[in-house]
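Trainee: Generate a structure from the sequence data that follows.
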Amino acid sequence: MINCLECNKELKRISHTHLKCHNMTVKDYRKKYPGAKIAIFSEEHKKNISKNHIDVSGKNNPMFERGELLLQNKNGMFGKSILDVWKEKYGEEKAAYLWELRRKKLSGSNSVLFGLTGDSNHRFGISIEDIWKEKYGDSVAKKMWEEHCIKHLRGENNPCFGLTGELNASYGISPSILSSQGLQGYLNVFEKRMMFRSSLELKIFLFLLSKNIEFDLCDERIKYITKNGNSKTYLPDIKIGNTIYEIKQSCLVDSETVQEKFEALQRYCLLNNLKCEFITEKTYEISFVNKEYVNMMIENGKVELIQNVKNLSKYNRIFVDEKE
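Mentor: Sure, this is the predicted structure:
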């Protein structure tokens, strides 16, 4: 018999059932009383355990050969990513879905690297090419990097390579709102929580707020047919009174996609006795919305950025420290 160190009761063994009385698990008990006995086995029981014991160390382990094959790069899974395995097992569509779920689970604040910047991040200063070299060797990594550069139009494969300033087609253009690559967060005003999806939307929202102009996110859903015959639904940006506004960079206003949507919006407004207009970066004087101003609004609780590394990186890149 052994004594429970919590209640001093004599027992044959310290079981999960007994420890429930103390709101503990066996793990908690071992942690609280290191080296404490949980159970006492008879000599006969010990002999039975010894007889039934099978040595599975080294070459006696059925997994030993698999380990040897793995070391010799002959394992069927060698060099395959989990995505490759899922594609073989479930097919392209389901594998893509599972991969997206996994990506979301391990991204942003769920990532073990979240918030670790500079030297505190063990990946600091290491490129993906360096990681591939370490994982697959120089020759395989070189081939993978070349394929990666071609696929993602990196370096000399990019038509804008070497073109700086106004020669580059992307010069002065913020990410498109439609691309979901813009700065994202929320504006807490008028007893509402309104989402912005780009730095331009944030600047326009703060301008309107500074002028005490009350606005709301538009909830009018505009259905339209594209030139290709596809049926789509589009949600404009904001509404002030009986006017619906679409916030776009001036360079995007004349694009075919934006014009298709705006024409659909015009037809909708005509039928519902409403007006519609574009707001661009040139419509209002928004240069006062700099990093210092936005930081002040964040401190006041009126602006709330989505807290993930990618979004915060965009914020620091867009709102650089400057005197305006």
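Trainee: mean confidence for the host helix or strand of residue 86?
Mentor: Secondary structure assignment for residue 86, by DSSP states H and E: helix 82-90. Confidence for helix 82-90, expressed as mean pLDDT, is 85.
Trainee: One more: stretch 217-231?
Mentor: Averaging the model's pLDDT scores along stretch 217-231 yields 85.
Trainee: same deal with stretch 9-29?
Mentor: The average pLDDT within stretch 9-29 is 86.
Trainee: start to end distance for that stretch?
Mentor: According to C-alpha to C-alpha, to the nearest Å, stretch 9-29 extends 15 Å from its N-terminal end residue to its C-terminal end residue.
Trainee: Go through it and flag the buried ones.
Mentor: Judged by neighbour count using 16 or more other C-beta atoms under 10 Å, the buried positions of stretch 9-29 are 14, 18, 19, 24, 29. For the C-beta atoms, the positions are set from N, CA and C on the backbone; glycine is no exception.
Trainee: Contacts for the helix holding residue 86 next, please.
Mentor: Under the contact criterion C-beta atoms under 8 Å, 6 or more residues apart in numbering, helix 82-90 has outside partners 77, 94, 95, 98, 99, 102.
Trainee: So for it, what gets flagged as buried?
Mentor: Buried residues in helix 82-90, counting neighbours by 16+ other C-beta under 10 Å, are found at 86, 87.
Trainee: And the strands in the stretch 101-250 of the chain?
Mentor: When secondary structure is read from DSSP state E, counting those that start in this stretch, the stretch 101-250 of the chain shows strands at 185-189, 192-196, 216-217, 222-225, 231-234, 238-240, 243-247.
Trainee: Need the contact partners of the very next helix or strand once past the last one.
Mentor: Following strand 243-247 in sequence order, the next helix or strand is helix 256-271 (DSSP H and E). Defining contact as C-beta under 8 Å, 6+ apart, one finds that helix 256-271 is touched by 178, 220, 222-224, 226-227, 234, 236, 244, 246, 248, 252-253, 274-276, 278.
Trainee: Hey, what's the angle from helix 256-271 to strand 243-247? Just curious.
Mentor: Taking axes from the mean of the first three to the mean of the last three C-alpha atoms, to 10 degrees, one finds that helix 256-271 is oriented at 170 degrees with respect to strand 243-247.
Trainee: In CSV, list the C-alpha atoms belonging to helix 256-271.
Mentor: Extracted in CSV, the C-alpha atoms of helix 256-271 (Å, rounded to 0.1, in the frame of the first residue of the first chain):
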residue,chain,number,x,y,z
GLU,A,256,-12.0,48.2,-67.6
THR,A,257,-12.9,46.3,-64.4
VAL,A,258,-13.6,49.5,-62.4
GLN,A,259,-15.6,51.1,-65.3
GLU,A,260,-17.7,48.0,-65.6
LYS,A,261,-18.6,48.2,-61.9
PHE,A,262,-19.1,52.0,-61.9
GLU,A,263,-21.5,51.7,-64.9
ALA,A,264,-23.5,49.1,-63.0
LEU,A,265,-23.5,51.5,-60.0
GLN,A,266,-24.7,54.4,-62.2
ARG,A,267,-27.7,52.3,-63.5
TYR,A,268,-28.6,51.3,-59.9
CYS,A,269,-28.5,54.9,-58.7
LEU,A,270,-30.6,56.0,-61.6
LEU,A,271,-33.3,53.5,-60.7
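Trainee: Flag every buried residue along that helix.
Mentor: For helix 256-271, burial by neighbour count (16+ other C-beta under 10 Å) applies to 258, 260, 261, 262, 264, 265, 268, 269.
Trainee: Name the strands paired with whichever helix or strand comes after that helix and say parallel or antiparallel.
Mentor: Using DSSP H and E, the helix or strand that follows helix 256-271 in sequence is strand 275-279. As defined by DSSP bridges, the strand partners of strand 275-279 come to strand 243-247 (parallel).
Trainee: Run through the residues that contact residue 220.
Mentor: Residues near residue 220 by C-beta under 8 Å, 6+ apart: 235, 236, 239, 244, 268.
Trainee: Done for today, thanks.
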